[in-house]
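J.: sequence-free structure coming up:
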């Protein structure tokens, strides 16, 4: 249950970036056809449903897995949001508050995650109870409705027209509705049925029930419901002249109600943003073809940027074990020089964790038999300041054909790992454009007079090869 909850958290965080993007796009492209806006919200729904694994250089998601599944077993629990400033702010507090006590029988973070997952399930149950009870109340109101024609029913106990039902949806009208308004109400509700909005809204509510703890999902649900009504208004009046648009707007005003409660099921005619809808109806013009093309491009770009994960957390790099093929650099200040056979072995797990079997020459024979968790890989961008300057250029062991700038310029993906096992130690994982994989290890302990090293330096840079 805890693993499922962590997975939902990660999917919700990733989807949150898309929801924010859609909110921004609604402002930038305010004249976009409302149907296209519904498609944008549909992309957010896809991100909430699917644990997306497609990677792209266009991805704007900082991290596909902010909370790793094994966080409850970490000596220093950390998040990996993909935003360095946030990680540096949150992780020290997280590690200080939830670091496991070796004398305790259970990890405190494990308790909190179990309680959070229990609350999450309880929240879903409450949302389901609310939806069922709301449906039952409405069903009781319309039980004594009278069929007029087709799927139109009159009812004495309702105040605004709405659609109720999924498999066999019906349009319910207040018994006191004026006859001149019926044709416009019918046009609007038929537009809903043609667009299958009664199904999409139910799916949206189910997603909200799963992500009830996510504030952005509540905002997205509310905005999505508004977009459904705007889109249906546009579809209903697209062939109307101005006189019929005015009549439609009048019907909308006459059937409007003040409802602030969360609507779980029905699509009510005059329940949402009536003033703006009337303005939209009276000012509606068929969108020009170029506007439709631009809206389609926006939707495609939003999908490319937010339905994909950052390139580099890829299966071709992670989920494998590596041995050292070549040592391309060793600091001249090190007292012990290694050969590839004396070097550590490494494993990059599928969830982005670097593991190490240490060098027997440096740590002893027993230490070389066990895997040690180094830390979680966090994507970074290489620069002269965080790569080239960490290397002693004039050292006697620096190969003449090795230039840090070339390593940086030919890089296709880089990850930083802050060691959990040794304070001040860090690693770089480098994936090159030609397929080569390098690992650099270094120290960030401040000035060390014993080692005579600057604040940040690489000790060694290995070229790795995959173990058979």
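T.: Thanks, I have it. Not measured: the values here are computed from a predicted model.
J.: As a check, name the ranges of all helices in the chain.
T.: Assigned by DSSP state H, the helices in the chain fall at 2-28, 34-49, 84-98, 108-142, 179-195, 197-210, 215-237, 242-254, 274-282, 289-306, 360-363, 404-409.
J.: possible to save these as CSV with mean neighbour count?
T.: From N, CA and C alone the C-beta is placed, and that goes for glycine too. Listed next are the helices of the chain as CSV, based on neighbours: other CB atoms under 10 Å:
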stretch, mean neighbour count
helix 2-28, 18
helix 34-49, 20
helix 84-98, 14
helix 108-142, 14
helix 179-195, 18
helix 197-210, 18
helix 215-237, 20
helix 242-254, 17
helix 274-282, 16
helix 289-306, 15
helix 360-363, 14
helix 404-409, 15
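J.: Now render the ones you listed as CSV, adding mean pLDDT and distance to residue 319.
T.: Shown next, in CSV, are the helices of the chain (pLDDT from 0 to 100; distance: least, CB to CB, whole Å):
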stretch, mean pLDDT, distance to residue 319
helix 2-28, 90, 17
helix 34-49, 91, 23
helix 84-98, 80, 23
helix 108-142, 88, 24
helix 179-195, 87, 42
helix 197-210, 91, 28
helix 215-237, 90, 31
helix 242-254, 86, 56
helix 274-282, 83, 50
helix 289-306, 90, 24
helix 360-363, 82, 26
helix 404-409, 80, 24
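J.: out of these, which comes closest to residue 56?
T.: Closest approach to residue 56 among those (CB to CB): helix 289-306, 6.3 Å.
J.: Give me the distance from the closest one to the chain's centre.
T.: 20 Å (CA atoms, centre = their mean, to the nearest Å).
J.: What helices and strands are in contact with that helix?
T.: helix 2-28, helix 34-49 (3 or more CB pairs under 8 Å, 6 or more residues apart in numbering; DSSP states H and E).
J.: Those: which one's closest to residue 350?
T.: Using CB to CB, the nearest of these to residue 350 is helix 2-28, at 13.4 Å.
J.: Just the angle for that closest one relative to helix 215-237, thanks.
T.: Interaxial angle, helix 2-28 versus helix 215-237 (axes from the mean of the first three to the mean of the last three CA atoms, to 10 degrees): 50 degrees.
J.: could you dump the helices of the chain to a markdown table with distance to residue 376?
T.: Below are the helices of the chain laid out as a markdown table (distance: least, CB to CB, whole Å):
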| stretch | distance to residue 376 |
| --- | --- |
| helix 2-28 | 13 |
| helix 34-49 | 23 |
| helix 84-98 | 10 |
| helix 108-142 | 15 |
| helix 179-195 | 44 |
| helix 197-210 | 26 |
| helix 215-237 | 25 |
| helix 242-254 | 54 |
| helix 274-282 | 46 |
| helix 289-306 | 23 |
| helix 360-363 | 22 |
| helix 404-409 | 23 |
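J.: Between the ones you listed, which one is closest to residue 325.
T.: helix 404-409 (15.2 Å).
J.: What lies in contact with that closest one?
T.: Residues from elsewhere that reach helix 404-409 (CB atoms under 8 Å, 6 or more residues apart in numbering): 382-384, 387-388, 391, 430, 432, 438, 461.
J.: again, only using 6 Å
T.: 382, 387-388, 391 (CB atoms under 6 Å, 6 or more residues apart in numbering).
J.: Tabulate those residues (JSON lines), appending neighbour count and distance to residue 214.
T.: Shown next, in JSON lines, are the contacts of helix 404-409 (neighbours: other CB atoms under 10 Å; distance: CB to CB, whole Å):
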{"residue": "382", "neighbour count": "18", "distance to residue 214": "34"}
{"residue": "387", "neighbour count": "22", "distance to residue 214": "37"}
{"residue": "388", "neighbour count": "15", "distance to residue 214": "42"}
{"residue": "391", "neighbour count": "19", "distance to residue 214": "44"}
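J.: From those, which shows the smallest pLDDT?
T.: Lowest in pLDDT among the contacts of helix 404-409 is residue 391, which has 75.
J.: mind checking how far the residue nearest to that residue when sequence neighbours are not counted is from residue 386?
T.: Among residues not flanking residue 391 along the chain, residue 404 sits closest, at 5.1 Å (CB to CB, 6 or more residues apart in numbering). Distance, residue 404 to residue 386, using CB to CB, to the nearest Å: 11 Å.
J.: how many neighbours does residue 166 have?
T.: 10 (other CB atoms under 10 Å).
J.: got it, and the one 4 residues further on?
T.: When neighbours are counted by other CB under 10 Å, residue 170 registers 17.
J.: Not counting sequence-adjacent ones, nearest residue to it?
T.: The spatially closest residue to residue 170, leaving aside those adjacent along the chain, is residue 151, at 5.1 Å (CB to CB, 6+ apart).
J.: same question, residue 352
T.: residue 377 (4.7 Å).
J.: now swap in residue 308 and tell me
T.: residue 56 (3.7 Å).
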